[in-house]
Structure formats: structure tokens, C-alpha cells
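Novice: structure of the sequence below:
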Amino acid sequence: MSAGPSSARATTTALVVGPAGHGVTGTALAQAAALRALAPGTVRVLHLDRTPSAGELLAAVRAAPPGPLLVHVTDRLFGSTPAEAADAVVALARQRPLVLTLHDVPQDSDGPRNAVRRAAAYRRMAEAAAAVVVASAHEARLLAACGADVDVTVVPLPVPDLRSGPAAEPSIPPACVAVLGYVYPGKGHEDVLAALDVLPDGIGLNAWGRPSAGHEDLVDTLTAQAGSLGRPCTVSGWIPDERLPGLLRSAVLPVAPHAHLSASGSINAWIGAGRRPLVPRSDYVAELVERSPGCVQVYDDLRTALARAWADPASTWLPGGCPVSPTVADTAALLVPVLARAGA
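Specialist: Coordinates of the predicted model:
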């Protein structure tokens, strides 16, 4: 079957769960819109803007036209526990051919208890699906380590175009160090605060995002750590999409310090805004750099990286005209043949 847009003839229902401000939900909505543009009339979007019950999910799907179901899943959007999320997704797979795009694939850094519970849930979801998609080869390896014996298609996360806002002069000294995304244990905010001693007095951390559910206490923890170090620290809370370009293109030193990435919308947002964030070396980052050479600054020692970037702030900006990829349309095109096979 041809991989072109016309090959996806069955109606696909893109079932999107969660508030639009959630990274996984936002990606799913953008990709569904791109699929509709590629194959007009063959994709229907069904958005449930909260975490629905399993019964509500099934009722929504049963009311949709026949055809495959495309669902982006992170377990926290589909249940209060990994097992509950797996129950809901497996029930969907019993109704329709399920093309399952998995996010936040379990890994050891989840901790011994959570890693085991999440691995069992992701294995069940993957093995129930007609097709499985992940955002990186690293995630494909992580899914295999969960015991899931399935074929996997890699469709990288799209890089959004966030270059609409005015940009600071690249040589201007940064006003602070900025980290984008949810605040949660292991994200690396504490590491950034601890490394600020290589920068001039008064330079602090701006955490652009809100705490993940259940980790609201981290705001006080980070503030206290910063105070003990004599550094300012601000946790912004939720940032509307329209504010992102202006923030990301301002005079800040961009860092994405999470060392246990399997795919990263935050890094892509920095890149999409024309920035070259500082990122720790990892398997996923190696894959990212292979796909888009020079898009990030890879470090082994954060203090050294911060000092170098401070001395050369222009190094944290992408050169003019540097392409960013893949676009959301590129990722949708990669999904078309997957959906066509599922609907055949």
C-alpha cells in the first residue's frame, strides 16, 4: 500500500485525552490537525479534556465512525495508577484496531517500585495494540526492556516553530538561567541551582512551568535551596502558549538538565525558538544530535558548560537559517502508512 496521504482511506479517530496545556495532549492535537490536512476527510478528532473513566472512554469510542483509533498515551493521563491506565487502554484495543503512541516509557530512574508497575502497564498496552509508535530509538529499547515483544515505529516528537517573537541580541549577557517544563523530582533544577556558583552574583534560576501533580512541595524546596546559596529562584507556574516564544527568545541561558530523557518536548521547544540549550550527555541526546547536528550543546559537567555559555552567550542561539526538524507535518506523514496498515 502506498505511503502517500491517499492510502489512509478508513476513517481514523484521533482520541486525545487531557487538557490542551499538557505536553502529550498538545502534541496529539497538533499531530491530528496535521493528519487532517494530509488526508482530508479521513481523520476525526475526539478530545476529552480531562482524565475520563474507562466507561467514558469506551462510550466515546463506540460512538465514533468505524476505523482505527490513534491514541497518544502517558499512563498518568489514563488512570490514577499504571494498572488502571493499562486497563483503560486495553479495553479500547478490544473495540478498534489501536495505533498507540506511547510517551514517558518506563525506565530505571522511575524508582524500583514505580519502574516495575509502569513496565507491566506499558507491556500490557503495547501488546494489546495493532501498532505501537514511540518518539525515539531509545524509547524503543526501553519498551523492549519492559518485556514488550512488539514491532515499534519511531516517529520523533515534532519541533514547534516558536520563532514568531522578537529575539534578544545574542551577545547580551543572560539575565538568568532558565529551565522549561514541569517541575518534578529528577528534572535537574536542584543541579542547576548547585552549579550557579560559577556565575556572577545575583544570577538565579527561572523555572518556567508548574509542579507535576503531587510535587507542589518542590517549589518551597527549590526556593529554600536557592536561599541557602544566596541565589534567586522563581517558579512561574503554567505558561500560556502565546507567551512561550517571547520567553524562550529572551536573554536567558537555556538549560535542559534532565539526565534521564527518552524524548523531550522541552528541548524541542528551545530548538524551535532558535536556541541551543545545554543538555547532559545521554543516549537520547546522542540520537537527537545525529538527527539535527549542532542543535544543542552537550555537556558532561554542568558547571563547566554554564561558565562557557556565560562567556559566549551567542553560543546558545542557533545560527540564522538553521532548519529545525521534524515539523509536525513531517511526523504526521510518518504516521499515515501506520494508520493505513492498521485500517486495512
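Novice: give me the buried positions along stretch 34-51.
Specialist: For stretch 34-51, the neighbour count (16 or more other Cβ atoms under 10 Å) marks Ala34, Leu35, Arg36, Leu38, Ala39, Thr42, Val43, Val45, Leu46, His47, Thr51 as buried. In short, each C-beta sits where N, CA and C put it, glycine included.
Novice: stretch 307-318: end-to-end distance?
Specialist: 19 Å (Cα to Cα, to the nearest Å).
Novice: tell me the mean pLDDT for that stretch?
Specialist: The pLDDT scores in stretch 307-318 average 97.
Novice: list the contacts of the most centrally placed residue in the chain.
Specialist: Computing the C-alpha centroid of the chain and ranking residues by Cα atoms, centre = their mean puts Gly265 first, at 3.3 Å. The contact partners of Gly265, taken as Cβ atoms under 8 Å, 6 or more residues apart in numbering, are Gly23, Thr27, Leu157, Gly181.
Novice: wait, which of the residues you listed is closest to Ala224?
Specialist: Gly181 (21.1 Å; Cβ to Cβ).
Novice: from Ala269, how far off is that closest one?
Specialist: 8 Å (Cβ to Cβ, to the nearest Å).
Novice: then Val255?
Specialist: 13 Å.
Novice: so the two - more neighbours on which side?
Specialist: Counted by other Cβ atoms under 10 Å, Val255 and Ala269 do not tie: Val255 has more neighbours, with 28 against 24.
Novice: tell me if I'm right that that one and Val192 touch.
Specialist: Yes. Using Cβ atoms under 8 Å, Val255 is in contact with Val192, at 5.8 Å.
Novice: hey, what's in contact with both of these two?
Specialist: Joint contacts of Val255 and Val192 (Cβ under 8 Å, 6+ apart) are Val177, Val179, Leu302.
Novice: can you give the strand pairings for the helix or strand encompassing the second one, parallel or anti for each?
Specialist: When you say that, I think you mean Val179. In this structure, Val179 sits in strand 177-180 according to DSSP states H and E. Sheet pairing of strand 177-180 (DSSP bridges) gives strand 205-208 (parallel), strand 253-254 (parallel).
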